[in-house]
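Asker: got a sequence here, can you build the structure:
(one chain, ligands or ions: 1)
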Amino acid sequence: MNGFLKTKAVLVTGGAGFIGSHTVVELLQENETVVVIDNLSNAASDANNLPPAISRIKSIVTSSQAKNLHFIKGGYGDKSMLDKVFKKYNIQAVIHFGGFKAVGESKQLPLMYYRNNVAETLNLIKAMNEHNVKNMIFSSSATVYSEGPPEDLPLVEESPLGNCTCPYASTKLFIENILRDVTMSDDGWKVMALRYFNPVGAHKSGKIGEDPKGIPNNLMPYIAQVAVGRRKHLNVFGNDYPTIDGTGVRDYVHVVDVAKGHTAALHALDAMKSGFRAYNLGSGRGTSVLEMVQIFSEVSGVEIKTQIKERRPGDVAIFYCDPARAWNELGWKTEKTVHDMCADLWTFQQNNPNGYVSAEYNGKT
Ligand code: WQD
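Answerer: Prediction:
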């Protein structure tokens, strides 16, 4: 990499991932210059030697906006690569999506999660410090909240943290605490931790969306794969919870709304006092599994077969937030409905019945 690009830029780690790619689209459409680093641990590269998500992002935005997207293959913890990036681009802030995120896998491979998610983030913070880039928007998670009894709902940012149910969630809380401590040690730092509730859906173009490797752990990709014929039926994990219909209730939020939460946070950085601040990114409303199945069936015109199974260990009955702080301080709230989430997810799944990100990509969609 030679020459220094004076234009102010945003560094996005993990920008080829589900929420990262949708955020990169929003940033480009706001005429930001975006530098994405991604080690492609979750993706192959396509004919342009780019991860498919990056090529598809370029096809969604205008050609002039696509010119503002720079992709570098590498790990966000690779100090020498980061030094080159900070020397080449005028990075004003880092949006840090990078990290492994499979709840079940984290229980089997905790050390891989702690090394990749936590230790590599320490290298990222070190490189930022050395290059005097001290603005970070961190991709955190509602899983950092300890699961208290129902009277503690809705969850606010001051709700109790900890008692994480898996190493994945623990890594998110560790990184939040590390970032909080960094801001306490140096008042040049500003950090916003965005705690996502249940991001679902896809870009309305149907070109990018959630495309998990193997059998989906999460509800919505699984329902979509049943609808498109890749799975026989949905296993409903428990219908004996104290909820409207006995099935689990969650706070689903459209991935494009989540992406806009990041651009809202970026705009708010300048006005932010130095320090650490967490924000819930959720709708503030709960939807049950069977309600979601019903809505998806209506939207897709496909009957979603279900089988009631035992509760999944670690699941709670009801989990949703109060997103008022994000509205009061970032001017952000959800705009899209559960119907929009299902409609956009259905478009994406129909366009990509076999997925598009996984290593088998090779041009299949
Ligand atoms: C939702 C509801 C299940 C699958 C996850 C993780 C984590 C986080 C947010 C980032 C629950 C039920 C699910 C299925 C089912 N992401 N379900 N059959 O567990 O709320 O949280 O999402 O931080 O990935 O914490 O999401 O989609 O797995 O489950 O009945 O095949 O759907 O019991 O009630 P969850 P989920």
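Asker: send me the helix or strand N129 falls within as CSV with only the CA atoms.
Answerer: Per DSSP states H and E: N129 is located in helix 120-130. The C-alpha trace of helix 120-130 is given here as CSV (Å, rounded to 0.1, in the frame of the first residue of the first chain):
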residue,chain,number,x,y,z
GLU,A,120,-7.2,-10.0,18.7
THR,A,121,-9.3,-7.0,19.7
LEU,A,122,-6.5,-6.0,22.1
ASN,A,123,-4.2,-5.8,19.1
LEU,A,124,-6.7,-3.7,17.3
ILE,A,125,-7.0,-1.3,20.3
LYS,A,126,-3.2,-1.1,20.5
ALA,A,127,-2.9,-0.2,16.8
MET,A,128,-5.6,2.4,17.1
ASN,A,129,-3.8,3.9,20.1
GLU,A,130,-0.5,4.1,18.3
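Asker: what does the chain put close to the ligand?
Answerer: 101, 103, 141, 143, 196, 198, 217-219, 222, 234-237, 248, 250, 289, 312, 315 (Cβ under 6 Å from any ligand atom). Bear in mind the C-beta positions are built from the backbone N, C-alpha and C, glycine included.
Asker: now whichever residue of the chain sits closest to the ligand: how far from S185?
Answerer: Proximity of the chain to the ligand (Cβ to the nearest ligand atom) peaks at G248, 2.1 Å away. Per Cβ to Cβ, to the nearest Å, G248 is found 40 Å from S185.
Asker: cool, Q108 as well?
Answerer: 35 Å.
Asker: rewinding a little: more crowded one of G248 and S185?
Answerer: Higher neighbour count among G248 and S185: G248, with 24 against 9, using other Cβ atoms under 10 Å.
Asker: ramachandran angles for that one?
Answerer: Main-chain torsions, G248, degrees, to the nearest 10: phi -60, psi 140.
Asker: hmm, it is touching D240, no?
Answerer: No: G248 is beyond contact range of D240, at 10.7 Å (criterion: Cβ atoms under 8 Å).
Asker: I figured L27 hits A9, correct?
Answerer: No: assessed by Cβ under 8 Å, L27 is found out of contact with A9, at 9.8 Å.
Asker: next, show the common contact partners of those two.
Answerer: V34 (Cβ atoms under 8 Å, 6 or more residues apart in numbering).
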